[in-house]
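Trainee: attaching a predicted model along with its sequence, questions to come.
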Amino acid sequence: MEKRKVHDGSSGTGYRKKGAASLAAIFLCLAVTACNGAAGDASEPAPAADKPAVQDSKEPVELVVYNASNSTATAEAFMDSDIGKEIKEKFPQVTIKFIATGKGTTANELLVSGQDVDLILCSVFSFPVLADTGLLYDIGDLIKQNRYDTSRLVPNAIEFQKQFGGGVYGFPVASAPTALFYNKDIFDKFGVPYPKDGMTWDETYELAKQLTQTDAGTSYYGFATRYPFMYNTNQLSLSYYNPDSQSVQVSDDRFRLFMENFTRFAQIPGNEKATTDMFAKEKNVAMMAYQIGRWDFDSWDMVSMPTFKEAPGIGPQDYGTYMNISSTSKHKQQAFEVLEALTSDEYQMKISKAGTLPIVRTPEVVQAFGQLSDAASGRNFKGKNVGAFFPKERARPSYVTKYDDAIAKRMNTAFSQIVSGGTNPVSALREAQEGAEKDVSAMKK
């Protein structure tokens, strides 16, 4: 089973719904949520004439970018990415020094060595380590000085960070599109109607049973996902660890409900071997709950992620990539200007058109999603139900702690044991709870 940190990563409106129709509902939702704002987090944007005299620095400067989540990342790949290209274009006076986490370059090792860092590129799961080492820096004053309006950002982008000391440490710069993807050819082959937006997991399970078949010696699988990914984006806002009681919490009824929901798919006779990789490679998986990939076939589409009847209409949590400012930076204003550029409507429009989920709520940016994608890129969204990526309401973010990896290992084992029939969910989760409690206790000593 994969580790906790690894990124591998609405209501129904009928079959084969077109993207344009679904986007109309998105804009209405965006307008409503924008009015609600992010109370207590957003600085009121001042008129242009009143903006304080905080100017872009034009002096040559080296900014150190630290990738805290990916040990295989390279400087070349970073500079060739959307983020790297944008920094190079908008800040010609900036030279980037890139460091990836790894042996000798963990967050703590960088701090001990005296290596300054300006910008930290990371997933949400890197925040606990960064907080422990003291590399997180509260940018609240920079937000005020630059009159940055945080209500432009997706809901929870700011609130999520406050569990790590109550501050705001950076902004999301992109998010992974997640949905229920399906292969039209398999549905057509067995005469099963396509999935719909707004389905429940129970309805999806019934479809999966229908589509798990063998035909002419070829096995077809009804459904595939990865349990760790579904937990990372879970719609019930579950957390492995309760920061209030300082205790592991994986054996209650809500976790049992969550675990039973996904183990039952793997227990469908004939569906045991289904993997997310098969969706693209063998093309014999009918439905896949996961994040978008680059695929060499076009007979796929997507609908909104199915929901729990216990949490109707609640979509998955944001699966974002963050850019934070480091506490050791000697160029915090220049670093903040980079954050402004990467969260500007102009840059977000670029990545949205290319098929990366934007992190701003600007309706025009959302509407532009996927417009420039094509078959050559492996992400051809033309004619696809792109509205599936934009749920009306996302689940509140889970608490993320430094203990999550250890707890996740116990939960991954429990998942496998339940699927194999070696034990029942209640017993498996009780064992996971007891084992995780011992692991966490050892980590606290």
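Mentor: That came in fine, so what should we check first? Numbers count the residues shown, from 1 in each chain.
Trainee: in the biggest helix by length in the chain, what's buried?
Mentor: Identified as the longest helix of the chain according to DSSP state H is helix 425-444. Neighbour-count burial for helix 425-444, with 16 or more other CB atoms under 10 Å as criterion, is recorded at P425, A428, L429, R430, E431, A432, Q433, G435, A436, E437, D439, V440. In short, each C-beta sits where N, CA and C put it, glycine included.
Trainee: now that helix, how far from the chain's geometric center?
Mentor: Distance, stretch centre to chain centre, for helix 425-444: 26 Å (CA atoms, centre = their mean, to the nearest Å).
Trainee: contacts for it next, please.
Mentor: Identification of contacts with helix 425-444 by CB atoms under 8 Å, 6 or more residues apart in numbering yields 240-241, 247-248, 250-251, 255-256, 259-260, 263, 402-403, 406-407, 409-411, 413-415, 417-418, 423.
Trainee: in helices only, show me the residues you listed.
Mentor: Reading helices off these with DSSP H, I get 255-256, 259-260, 263, 406-407, 409-411, 413-415, 417-418.
Trainee: mind checking which of those residues are buried?
Mentor: Taking 16+ other CB under 10 Å as the criterion, what is buried in the ones in helices among the contacts of helix 425-444 is 255-256, 259, 263, 406-407, 409-411, 414-415, 417-418.
Trainee: from these, pick the one nearest S344.
Mentor: Using CB to CB, I407 comes nearest to S344 of those, at 37.9 Å.
Trainee: what about S81, how many neighbours?
Mentor: 14 (other CB atoms under 10 Å).
Trainee: and E62, which of the three is it?
Mentor: Following DSSP: H, G, I helix; E, B strand; the rest coil, we place E62 in the strand state.
Trainee: beta partners for it?
Mentor: T95 (DSSP bridges).
Trainee: and the gap between S427 and T212?
Mentor: Remark: distance between S427 and T212 (CB to CB, to the nearest Å) = 27 Å.
Trainee: also G355?
Mentor: 30 Å.
Trainee: how many residues are close by the residue nearest to F297 when sequence neighbours are not counted?
Mentor: On the basis of CB to CB, 6 or more residues apart in numbering, the spatially nearest residue to F297 that is not a chain neighbour turns out to be K283, at 6.2 Å. Number of residues near K283 (other CB under 10 Å) recorded here: 16.
Trainee: swap in the one 10 residues further on?
Mentor: By other CB under 10 Å, 16 other residues sit near G293.
Trainee: that one is in contact with A280, isn't it?
Mentor: Yes. Counting by CB atoms under 8 Å, A280 is a contact partner of G293 at 5.7 Å.
Trainee: domain map for this protein?
Mentor: Annotated domains of the chain cover 37-176+319-369, 183-317+398-444 [automatic domain parsing].
Trainee: for the nearest residue to Y399 once chain neighbours are set aside, give its distance to Q249.
Mentor: The shortest distance from Y399 to any non-neighbouring residue, by CB to CB, 6+ apart, is to S239 (4.0 Å). Distance of S239 to Q249, computed by CB to CB: 7 Å.
Trainee: repeat that for L357.
Mentor: Taking CB to CB as the measure, L357 falls 30 Å from Q249.
Trainee: send the alpha carbons of stretch 120-128 over as PDB?
Mentor: In PDB, the C-alpha atoms belonging to stretch 120-128 read as follows (Å, rounded to 0.1, in the frame of the first residue of the first chain):
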ATOM      1  CA  ILE A 120       8.900  26.200   0.000                       C
ATOM      2  CA  LEU A 121       7.000  24.200  -2.600                       C
ATOM      3  CA  CYS A 122       5.000  21.500  -0.800                       C
ATOM      4  CA  SER A 123       1.900  19.400  -0.400                       C
ATOM      5  CA  VAL A 124      -0.400  19.800   2.600                       C
ATOM      6  CA  PHE A 125       1.300  16.800   4.200                       C
ATOM      7  CA  SER A 126       4.600  18.600   4.500                       C
ATOM      8  CA  PHE A 127       3.200  21.200   6.900                       C
ATOM      9  CA  PRO A 128       3.700  19.300  10.200                       C
END
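Trainee: where do the strands of the stretch 151-300 of the chain begin and end?
Mentor: Assigned strands in the stretch 151-300 of the chain, in chain order: 170-175, 178-183, 213-215, 218-220, 241-242, 247-248, 287-291, 300-303 (criterion: DSSP state E, counting those that start in this stretch).
Trainee: repeat that for the stretch 1-150 of the chain.
Mentor: 61-67, 94-100, 119-123.
Trainee: please identify the deepest-packed of those.
Mentor: Highest mean neighbour count of the strands of the stretch 1-150 of the chain: strand 119-123, a mean of 25 (counted as mean count of other CB atoms under 10 Å).
Trainee: need the contact list for T133.
Mentor: A107, N108, L111.
Trainee: and the last one, what does it touch?
Mentor: Spelled out, that is L111. L111 sits next to T133, G134, L135, T328 when contact means CB under 8 Å, 6+ apart.
Trainee: and it, how far is that from L136?
Mentor: 12 Å.
Trainee: one more: the first one?
Mentor: Using CB to CB, one gets 10 Å for the distance from A107 to L136.
Trainee: quick revisit: indicate which one of the strands of the stretch 1-150 of the chain is closest to W300.
Mentor: strand 119-123 (25.9 Å).
Trainee: from the rest of the structure, what touches the closest one?
Mentor: Outside strand 119-123, the residues that touch it by CB under 8 Å, 6+ apart are 5, 7, 63-69, 78, 83, 126, 130, 135, 170, 320-326, 329, 335, 338-339.
Trainee: buried subset of those residues?
Mentor: Burial by neighbour count, 16+ other CB under 10 Å: within the contacts of strand 119-123 this picks out 5, 63-69, 78, 83, 126, 130, 135, 170, 320-326, 329, 335, 338-339.
Trainee: returning to that earlier point: more neighbours: L357 and Q249, which one.
Mentor: L357 (25 against 17).
Trainee: ok, for that one, nearest residue in space, not its chain neighbours?
Mentor: Distances taken as CB to CB, 6+ apart place S175 nearest to L357, at 4.1 Å, with adjacent residues excluded.
Trainee: contacting residues for the one you found?
Mentor: S175 neighbours (CB under 8 Å, 6+ apart): V154, D318, Y319, G320, T321, T356, L357, P358, I359.
Trainee: same check, this time on A341
Mentor: E86, I87, K90, F91, Y347.
Trainee: roughly how far does it sit from F171?
Mentor: Distance from A341 to F171, by CB to CB: 11 Å.
Trainee: and what of K97?
Mentor: As judged by CB to CB, K97 and F171 stand 21 Å apart.
Trainee: likewise for T233?
Mentor: Distance, T233 to F171, by CB to CB: 19 Å.
Trainee: show me which of those two is the more surrounded one.
Mentor: F171 (26 against 22).
Trainee: is that one bridged to anything, and to what?
Mentor: Using DSSP bridges, the bridge partners assigned to F171 are M323.
Trainee: that one is in contact with S344, isn't it?
Mentor: No. Under the criterion of CB under 8 Å, F171 makes no contact with S344, lying 10.8 Å away.
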